[in-house]
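Student: Below are the sequence and a predicted model; questions follow.
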Amino acid sequence: MAVAAYCSQCDEYIYVTAQGGCPRGHPAEALSNSYEVPDAPDHAATPVPQAATQPQTPAKKKRWVWSIVGLVLVFLLLCCGCPTAFLVWGWYGAPGAPRDSRPTGRDGTVTASTTTWTPQTTGMTQSFESVSFGDAEHGCAVGWNGTIVVTSDGGATWTRKKPDEDHLDSHFVAVKLVNAKTGWVVGHAGAILKTTDGGETWVSQASGTLGDFTSVDFVDENTGWALGEDLLLGATIYKTTDGGATWKGYRAANPISYLTVIRFSDASHGMVVGLGKTLLGSGGIVARSVDGGETWTGQSSGTSESLWGACIVDPDNAWVVGSNKTLLHTKDGGARWSSQDYGVDKTMRGIDFGDPKTGWAVGDDGAIIGTTDGGNTWSRQSSPTTWTLDAVDAVDADHVWAVGMAGTILKGTPAGK
């Protein structure tokens, strides 16, 4: 028999690992309502199917309760002369903070797909966490147990490649290719690997930390960022300007948060998203940098939901997705975030745009939504899988891939082509 439990950070039931934690790397403290289930499949990261005997999901705390707790905490900090009180509050957004909550998406009507999604064969059963393409032909997907697969023909064939000897069993969580040859992979225990030959070989780089990474992004062959946790400093952004030969850590404004994604539109403008771990409760964290990641300013996301995916189109326009149908958009660099209703009752975990008008988001139970008008409207798209999709990467409006549980890789092409 295996053990399943509710993970508060995944916001769903999962199979518990042999070490007693969440397969996505969340600590045992995040688990509750455990119970026995039949033996887990090889892809143990797969969410537990709904069942009549499954315990009820713990109820979410009301945001107004945490708002009151937060106000009391800020008041006490101010009374003690703490200058960072408003910084702490700013990460979550006080009640009434600027936010346009008017729905601007569809009302739930399922419309005809503008993208045709086709499964691609990898021969893998391990779950994929991330995918990235350097161009329309060369791509890489990574996941559990040291899994790295590459393609040089647009995904018609995928080949598994070995990482270096120190990372054969590593949990890789994110990959970024900047062209057909050069890319990086990050994972748990401070793992950073680089390729300069299209993924044929991977060389470990010294990150300077043993903490777990959650995301990576590069804007060229030299300048990039890795998002993770330092064992002493907490949530930390690591930056390189020499292709990863050296990395420097910058402390996040809220070091006790759990940050999930980092994205940059250029060498200066970037954002991180995630969820909080303070007395203020679980908060949807968004922060922005305009100096290449050296300093960060918390923004009011207007949501208490966990945020799992982000896409920054340009310094002004960005998108964020998360739990409980969360889809946020900003047109002014995060000064205001608008909530959109995309009509699908699923948590979305990844989002990307191929151009300013064309984008996709993917999530639980194989859910896929798309837009061709810059996000003014979103439509549900026909998905060939019911496995959870964790990430999506678009090269342009005509070439997009999504990956997820049980070795799933999907390729999207314009309908009719």
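Tutor: Perfect, thanks for sending it.
Student: burial of the closest residue to T209 other than its chain neighbours, as a residue count?
Tutor: With sequence-adjacent residues excluded and distances taken as CB to CB, 6 or more residues apart in numbering, T209 is closest to G190, at 4.5 Å. (C-beta placed from N, C-alpha, C; glycine too.) By other CB atoms under 10 Å, 24 other residues sit near G190.
Student: Beta-bridge partners for S32, please?
Tutor: In this structure, S32 bridges to Y6 when assessed by DSSP bridges.
Student: Likewise for A310?
Tutor: For A310, the beta-bridge partners are V320 (DSSP bridges).
Student: Could you give the average pLDDT over stretch 391-401?
Tutor: For stretch 391-401, the mean pLDDT works out to 97.
Student: got a list of contacts for that stretch?
Tutor: Residues external to stretch 391-401 that are found in contact with it (CB atoms under 8 Å, 6 or more residues apart in numbering): 115, 120, 128-133, 135-136, 139, 141, 154-155, 309, 349-355, 357-362, 402-404, 409-414, 417.
Student: so who does V219 touch?
Tutor: 178, 264-267.
Student: ignore the last one, V149
Tutor: Neighbour list for V149: 122, 124, 140-142, 158-161 [criterion: CB under 8 Å, 6+ apart].
Student: closest to G249 among the residues you listed?
Tutor: Taking CB to CB as the measure, G249 lies nearest V142 of the contacts of V149, at 22.5 Å.
Student: would you say that closest one is within a strand?
Tutor: Yes: the assignment for V142 is a strand, going by DSSP: H, G, I helix; E, B strand; the rest coil.
Student: The nearest residue to it once chain neighbours are set aside: how many residues sit nearby?
Tutor: Across the structure, with CB to CB, 6+ apart as the measure, the residue nearest V142 apart from its sequence neighbours is F172 (3.9 Å). Neighbour count for F172, taken as other CB under 10 Å: 25.
Student: just checking, F172 touches G146?
Tutor: Yes: proximity of F172 to G146 meets the contact threshold set by CB atoms under 8 Å, at 7.1 Å.
Student: shared neighbours of the two, which are they?
Tutor: Common contacts of F172 and G146 (CB under 8 Å, 6+ apart): P163.
Student: which among the contacts of V219 end up buried?
Tutor: 178, 264-265 (16 or more other CB atoms under 10 Å).
Student: got any ranges where the stretch 101-250 of the chain has weak pLDDT?
Tutor: Counting by pLDDT under 70, the ranges of the stretch 101-250 of the chain that qualify are 101-113, 231, 233.
Student: what residue ranges in the stretch 301-417 of the chain score low on pLDDT?
Tutor: Under the criterion pLDDT under 70, the flagged ranges of the stretch 301-417 of the chain are 416-417.
Student: What is the burial count for the nearest residue to E137 once chain neighbours are set aside?
Tutor: Spatial nearest neighbour of E137, chain neighbours left out: G154 (5.0 Å); criterion: CB to CB, 6+ apart. Summarising burial for G154: neighbours were counted as other CB under 10 Å, giving 18.
Student: thought G154 was touching A136?
Tutor: Yes: taking contact to mean CB under 8 Å, the distance of 6.0 Å between G154 and A136 places them in contact.
Student: Mind listing the residues bridging to the closest residue to F133 other than its chain neighbours?
Tutor: What sits nearest to F133 in space, not counting adjacent residues and going by CB to CB, 6+ apart, is G139, at 3.9 Å. The partner list for G139 in beta bridges (DSSP bridges) reads F133, T151.
Student: check contacts around G139.
Tutor: Residues counted as contacts of G139 (CB under 8 Å, 6+ apart) are 131-133, 150-151, 154-155, 177, 393, 401.
Student: Also G404?
Tutor: G404 sits next to 127-128, 362, 366, 385, 387-391 when contact means CB under 8 Å, 6+ apart.
Student: Then D217?
Tutor: 176, 224-225, 262-264, 270.
Student: Mark which of those are buried, thanks.
Tutor: If you count burial by 16+ other CB under 10 Å, the buried members of the contacts of D217 come out as 176, 224-225, 262-264, 270.
Student: I'd guessed T413 sits against T118; true?
Tutor: Yes: under the criterion of CB under 8 Å, T413 makes contact with T118 at 7.3 Å.
Student: So the two - more neighbours on which side?
Tutor: Here T413 and T118 are set side by side on neighbour count (other CB under 10 Å), and the busier one is T413, at 14 against 11.
Student: Adjacent strands (with direction) for the helix or strand containing the more buried one?
Tutor: Taking DSSP states H and E as the criterion, T413 maps to strand 409-414. Strand pairing for strand 409-414, using DSSP bridges, gives strand 115-119 (antiparallel), strand 399-404 (antiparallel).
Student: Using CSV, write out every CA atom in stretch 398-415.
Tutor: Once side chains and other backbone atoms are set aside, the C-alpha atoms of stretch 398-415 remain, and they are given as CSV (Å, rounded to 0.1, in the frame of the first residue of the first chain):
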residue,chain,number,x,y,z
ASP,A,398,2.8,28.5,-34.5
HIS,A,399,5.1,26.4,-32.3
VAL,A,400,4.2,25.6,-28.6
TRP,A,401,4.8,22.6,-26.3
ALA,A,402,3.4,21.5,-23.0
VAL,A,403,4.7,18.9,-20.5
GLY,A,404,3.4,17.2,-17.4
MET,A,405,2.8,14.0,-15.4
ALA,A,406,3.6,10.5,-16.6
GLY,A,407,6.0,11.5,-19.3
THR,A,408,3.4,13.7,-21.1
ILE,A,409,4.7,16.0,-23.9
LEU,A,410,2.2,17.7,-26.2
LYS,A,411,2.9,19.8,-29.3
GLY,A,412,0.5,22.5,-30.3
THR,A,413,0.1,23.7,-33.9
PRO,A,414,-2.5,26.1,-35.4
ALA,A,415,-5.7,24.3,-36.2
